[in-house]
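Chemist: What follows is a predicted protein model with its sequence.
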Amino acid sequence: MTHIAFFEPPWAVHNLRDWEIRGSYKYPSLLGDLSQKAQVTLLMRDLPPEGDPHRQRLERDHGVTFRRLASLEDGSAPAGELLLADYAAAIGELAPDIVSTLNGRMIGFNFALARAARDQGAEFVYRIAGNDIATQTAVLEAAGRPVTGTALLGNLMAQERFAAEAARTVIVMGGTERARVAPLVSDPDKIAICRRGVDRTHFAPPGQAPGHCTDILFVGRNSEEKGIDLIEGAAAILAAERPDVRITIAGDFAEREEGNRRYLGFHDYDALPGLYRAHHGLLLPARSEGFPQVVMEAMSCGLPAILSHILFAEDFGAGEGACLVDLDARAIADAIIAWHGDAAAFAAARDQALAHAARHFDAAANAPLYHAALLGERV
């Protein structure tokens, strides 16, 4: 039986929320019944305790074997050679046929894994969860550290190109990422779009559809690339022009209300459908992103989405439940005003979002595509 080893972030007692997300639904939805076709090993520097319920579920229901990885948890260039040696030693000991990541790791980790796989004779599958270069650039430059035009940027670009070319298969989340990655490889046909999808019995619309659009929702991290400043700018415009519109900003925020904005903290998996159903539209004006899980979850709950044109133009066309906007507070406000002021247009967008989710976002339909890409099978 084919043996796949996934090199994953460590379990950390100080960040149990991250493990809850990975262990309770991210890993189960990705792995599904993969263990019927392959031996599955998850390697981590620090493992969840043997009695952890998420670990037990993964072992029992998804055939996972956990192995401790003696490794640095550092994907920066100075640590690259040490990380390479640690990965090569692990691959040499386990002798997997395929190595990859489930979590979609930063470029430095994938660069080391690609090199180690090459040196040890294993196949490497590169799962790119988003534009890591754009994300790192946004975060670092917001903190006052220049990236554009520096050796750091050049190194990241070279590492990503190497990992993509070395991979037997490159897995991306959407059409925009496929278009970005295609010039990095000599064979663009090896790029596969494989989204995680959602459980559409869990993420389902409310029994009665809202007849108006007044409550807008953002779900995500409080990070520079997510466009929180644009949301707040649009909220200021709406406060003056559409005072009954409210915006909820949910994620890792201190809970508070500021004018027409409400900030909320983390919502676990069971609470997310209720959060979506309490709102009318999703807003995600991100500057860099893969194909966010929240878009699939929200649309499956009946929320049409206002998304960045620069990131989603390859994924949504007319009549598919998404309004694509420029990264501009005025453009975002205008998109919300259009739904707020036209109940028929909002109802149509809602129906389109539900139809698009049914066609493209069902986890049961997406999992076989991901497993086939991992195993190098034709669909």
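Modeler: Received, thanks.
Chemist: Which helix or strand contains the closest residue to Pro49 other than its chain neighbours?
Modeler: With C-beta to C-beta, 6 or more residues apart in numbering as the criterion, Pro49 has its nearest non-adjacent residue at 7.2 Å, and that residue is Arg55. For every residue, glycine as well, the C-beta is placed using N, CA and C. Using DSSP states H and E, Arg55 sits within helix 53-62.
Chemist: Quick one: name whatever helix or strand follows that helix.
Modeler: The element immediately downstream of helix 53-62 (helix or strand, assigned by DSSP H and E) is strand 64-68.
Chemist: Who does that next one pair with, and is each partner parallel or antiparallel?
Modeler: As defined by DSSP bridges, the strand partners of strand 64-68 come to strand 38-44 (parallel).
Chemist: show me the contacts for the residue nearest to Pro49.
Modeler: Applying C-beta atoms under 8 Å, 6 or more residues apart in numbering, we find Arg55 in contact with Gly23, Leu47, Pro48, Pro49, Phe66.
Chemist: what do you get for Leu282?
Modeler: Going by C-beta under 8 Å, 6+ apart, Leu282 touches 216-219, 276, 294-295, 298-299, 303-306.
Chemist: Going by distance to Asn15, which of those wins?
Modeler: Val219 (19.1 Å; C-beta to C-beta).
Chemist: residues near the closest one, how many?
Modeler: Val219 is flanked by 25 other residues according to other C-beta atoms under 10 Å.
Chemist: wait, is it part of a helix?
Modeler: No: read with DSSP: H, G, I helix; E, B strand; the rest coil, Val219 is strand and lies in no helix.
Chemist: Beta-bridge partners for it, please?
Modeler: Using DSSP bridges, the bridge partners assigned to Val219 are Ala250.
Chemist: what about Arg378, is that helix, strand or coil?
Modeler: Under three-state DSSP, Arg378 falls in the coil class.
Chemist: Need the nearest residue in space to it, chain neighbours excluded.
Modeler: Ala372 is the one closest to Arg378 (C-beta to C-beta, 6+ apart), at 7.1 Å.
Chemist: Gly290 too?
Modeler: Closest to Gly290 by C-beta to C-beta, 6+ apart is Gly130, at 3.2 Å.
Chemist: secondary structure element for the one you found?
Modeler: For Gly130, there is no host helix or strand (DSSP H and E).
Chemist: For it, grab phi and psi.
Modeler: Dihedral angles of Gly130 (phi, psi; degrees, to the nearest 10) stand at phi 180, psi -180.
Chemist: Verify the stated contact: it with Gly104.
Modeler: Yes: Gly130 lies in contact with Gly104 (C-beta atoms under 8 Å); the separation is 7.0 Å.
Chemist: Find the residues that touch each one of the two.
Modeler: Common neighbours of Gly130 and Gly104 (criterion: C-beta under 8 Å, 6+ apart): Gly290.
Chemist: if we can go back for a sec, among the contacts of Leu282, which lie within strands?
Modeler: The members of these that map onto strands under DSSP state E are Ile216, Leu217, Phe218, Val219, Ala305, Ile306.
Chemist: List the contacts of the nearest residue to Leu69 once chain neighbours are set aside.
Modeler: Nearest residue to Leu69, sequence neighbours excluded (C-beta to C-beta, 6+ apart): Leu43, at 4.1 Å. Shown in contact with Leu43 (C-beta under 8 Å, 6+ apart): Ala5, Phe6, Phe7, Glu8, Arg67, Arg68, Leu69, Ala90, Leu94.
Chemist: With neighbour count and distance to Leu327 added, can I get those in CSV?
Modeler: As requested, the contacts of Leu43 are exported to CSV (neighbours: other C-beta atoms under 10 Å; distance: C-beta to C-beta, whole Å):
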residue, neighbour count, distance to Leu327
Ala5, 27, 39
Phe6, 23, 34
Phe7, 28, 34
Glu8, 20, 32
Arg67, 14, 43
Arg68, 12, 43
Leu69, 22, 39
Ala90, 23, 41
Leu94, 18, 44
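Chemist: out of those residues, who's nearest Ala239?
Modeler: Among the contacts of Leu43, Glu8 lies closest to Ala239 (C-beta to C-beta), at 43.3 Å.
Chemist: Now the closest one: phi and psi?
Modeler: Backbone geometry at Glu8, expressed as degrees, to the nearest 10, gives phi -120, psi 160.
Chemist: And the strands in the chain, which stretches?
Modeler: Taking DSSP E as the criterion, the chain carries its strands at 2-7, 38-44, 64-68, 98-100, 123-127, 169-172, 191-193, 215-220, 246-251, 256-258, 261-264, 281-284, 305-308, 322-325.
Chemist: Using CSV, lay out the ones you listed together with distance to Leu140 and mean pLDDT.
Modeler: As requested, the strands of the chain are exported to CSV (distance: least, C-beta to C-beta, whole Å; pLDDT from 0 to 100):
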stretch, distance to Leu140, mean pLDDT
strand 2-7, 24, 98
strand 38-44, 26, 98
strand 64-68, 31, 98
strand 98-100, 27, 99
strand 123-127, 23, 98
strand 169-172, 23, 97
strand 191-193, 27, 96
strand 215-220, 19, 97
strand 246-251, 20, 97
strand 256-258, 27, 97
strand 261-264, 25, 97
strand 281-284, 22, 98
strand 305-308, 20, 97
strand 322-325, 26, 98
